[in-house]
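Q: based on what follows, work out the 3D shape:
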Amino acid sequence: MTTPGLTWIYAVVPDVADGLLDGMTGVAGEPLRALTAPGLALVVGSVPREDFDERALQQHLADLRWVETAVRAHHRVIAELARTRRTLPLRFATLYRDDRGALSFLRGAGPRLQAALDRVADRDEWGVKAYLDAPVPDAPATGPADPPDGAAAADDRPGTAYLLRRRAQRDDRARRFEQAHERARQIHAALADRADEAAEHPLQSAEASGRAAPMLLNGAYLVEHARAAEFGAAVTELGRRTTGVRVELTGPWPPYSFVEIDAEPVEPAEPAGPVTGSAPAEGG
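A: Next up, the predicted model:
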């Protein structure tokens with residue numbers, strides 16, 4: 001006897017037209033299907049219980065290669081849905097024991113889901129990241145250099161002069177870094193004024209961002225389709241005239257950062273958690 005799979009949920013949409021899900025597969029290569037309630041549809045797939053129960057999933061989430069592949073598969077489903085209809089992306093790795101638990105969520109959260117769909121109608125998410133441009137390098141450990149003004153008068157020993165010079169360089173780097181941070185905050189404020197909604201995500205490390213320069217801004221902006229070109233032009237202009245900061249625009253994305261629906265179980269005995277992991281890759 002085959003053990004029934006767990007139900008992995010991807011997104012909420014207003015409807016699923018005939019043939020929409022044909023050929024689409026999810027994180028386990030599983031075919032997708034729709035669970036429906038009045039005016040709403042939940043796109044789901046069945047994943048193997050032995051590979052996606054709570055213990056197995058926690059092991060998977062510790063494997064960065066697995067996470068990257070699975071997040072991309074989750075995002076691919078959501079992006080395909082978003083090409084043709086309003087789409088609420090649900091958090092990566094949200095699972096229910098079966099379709100009954102997923103349907104309980106859909107029906108119980110129906111009014112909130114409908115309101116959220118209306119809020120993101122005809123809008124996309126755009127991501128803007130800002131980095132410190134040409135970071136100030138550390139001074140070489142050896143080599144001639146003049147101490148700060150007045151340092152020699154205080155103490156003309158070479159070691160003291162060197163330490164004073166290093167301290168002055170550190171202070172200068174810190175000052176420039178804070179100035180760049182302030183410019184990034186100004187960029188975020190200016191873009192938030194041009195968007196329907198805005199959010200700031202935690203700054204990424206160099207390993208996560210793939211950039212050597214420190215990140216100063218990791219913003220997300222919900223923008224009407226009709227204003228996308230205007231928003232992109234604003235990002236370009238802000239990047240051009242802001243010194244010391246390099247700005248990058250990504251998108252459009254489904255509105256990952258502007259969906260505040262938590263798929264908490266309606267019937268606690270039914271869901272398998274839900275267990276949640278990292279959010280999909282972009283979306284800010």
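Q: quick check, residue 11 in a helix?
A: No - checked against DSSP: H, G, I helix; E, B strand; the rest coil, residue 11 lies outside a helix; its state is strand.
Q: partners of it in the sheet?
A: With DSSP bridges as the criterion, residue 11 is bridged to residue 43, residue 89.
Q: how near is it to residue 76?
A: 11 Å (Cβ to Cβ, to the nearest Å). In short, each C-beta sits where N, CA and C put it, glycine included.
Q: the two - which one has more neighbours?
A: residue 11 (24 against 16; other Cβ atoms under 10 Å).
Q: give me the domain ranges for this structure.
A: 6-120, 124-253 (automatic domain parsing).
Q: buried set for stretch 62-76?
A: 67, 70, 71, 73, 74, 75, 76 (16 or more other Cβ atoms under 10 Å).
Q: what is the nearest of those to residue 124?
A: residue 75 (14.2 Å; Cβ to Cβ).
Q: which SSE is the closest one in?
A: Following DSSP states H and E, the helix or strand that holds residue 75 is helix 64-82.
Q: how about residue 188?
A: Secondary structure (DSSP H and E) places residue 188 in helix 158-193.
Q: returning to what we had before: need the domains of the chain in CSV with distance to residue 260, can you?
A: As requested, the domains of the chain are exported to CSV (distance: least, Cβ to Cβ, whole Å):
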stretch, distance to residue 260
domain 6-120, 7
domain 124-253, 10
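Q: any idea which of those scores lowest on pLDDT?
A: Sorting the domains of the chain by mean pLDDT places domain 124-253 lowest, at a mean of 81.
Q: just checking: what are the partner strands of the helix or strand that contains residue 199?
A: Per DSSP H and E, residue 199 falls inside strand 197-200. Using DSSP bridges, the strands paired with strand 197-200 are strand 215-224 (antiparallel).
Q: list the buried ones in the strand it pairs with?
A: Under the neighbour-count criterion of 16+ other Cβ under 10 Å, strand 215-224 has 215, 216, 217, 218, 219, 220, 221, 222, 223 buried.
Q: again, but for stretch 244-253
A: Burial within stretch 244-253, assessed by neighbour count using 16+ other Cβ under 10 Å, is assigned to 244, 245, 246, 247, 249, 251, 252, 253.
Q: what's the answer for stretch 193-212, then?
A: Going by neighbour count (16+ other Cβ under 10 Å), the buried part of stretch 193-212 is 195, 197, 198, 199, 201, 203, 209, 211.
Q: for it, list the C-alpha coordinates in PDB.
A: Output of stretch 193-212 as PDB, limited to C-alpha atoms (Å, rounded to 0.1, in the frame of the first residue of the first chain):
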ATOM      1  CA  ASP A 193       7.200  57.500  -2.300                       C
ATOM      2  CA  ARG A 194       6.900  56.100  -5.800                       C
ATOM      3  CA  ALA A 195       5.600  52.700  -4.800                       C
ATOM      4  CA  ASP A 196       2.300  51.500  -3.400                       C
ATOM      5  CA  GLU A 197       4.100  49.700  -0.600                       C
ATOM      6  CA  ALA A 198       7.700  49.300   0.400                       C
ATOM      7  CA  ALA A 199       9.700  46.900   2.600                       C
ATOM      8  CA  GLU A 200      13.200  46.600   3.800                       C
ATOM      9  CA  HIS A 201      14.800  43.100   4.100                       C
ATOM     10  CA  PRO A 202      17.900  42.300   6.200                       C
ATOM     11  CA  LEU A 203      21.200  43.200   4.500                       C
ATOM     12  CA  GLN A 204      22.900  40.200   3.000                       C
ATOM     13  CA  SER A 205      26.400  39.100   3.700                       C
ATOM     14  CA  ALA A 206      29.000  39.000   0.900                       C
ATOM     15  CA  GLU A 207      28.500  35.300   0.600                       C
ATOM     16  CA  ALA A 208      24.800  35.600   0.200                       C
ATOM     17  CA  SER A 209      24.800  38.600  -2.200                       C
ATOM     18  CA  GLY A 210      27.800  37.400  -4.300                       C
ATOM     19  CA  ARG A 211      29.300  40.900  -4.100                       C
ATOM     20  CA  ALA A 212      32.500  41.900  -2.300                       C
END
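Q: right, I'll leave it there.
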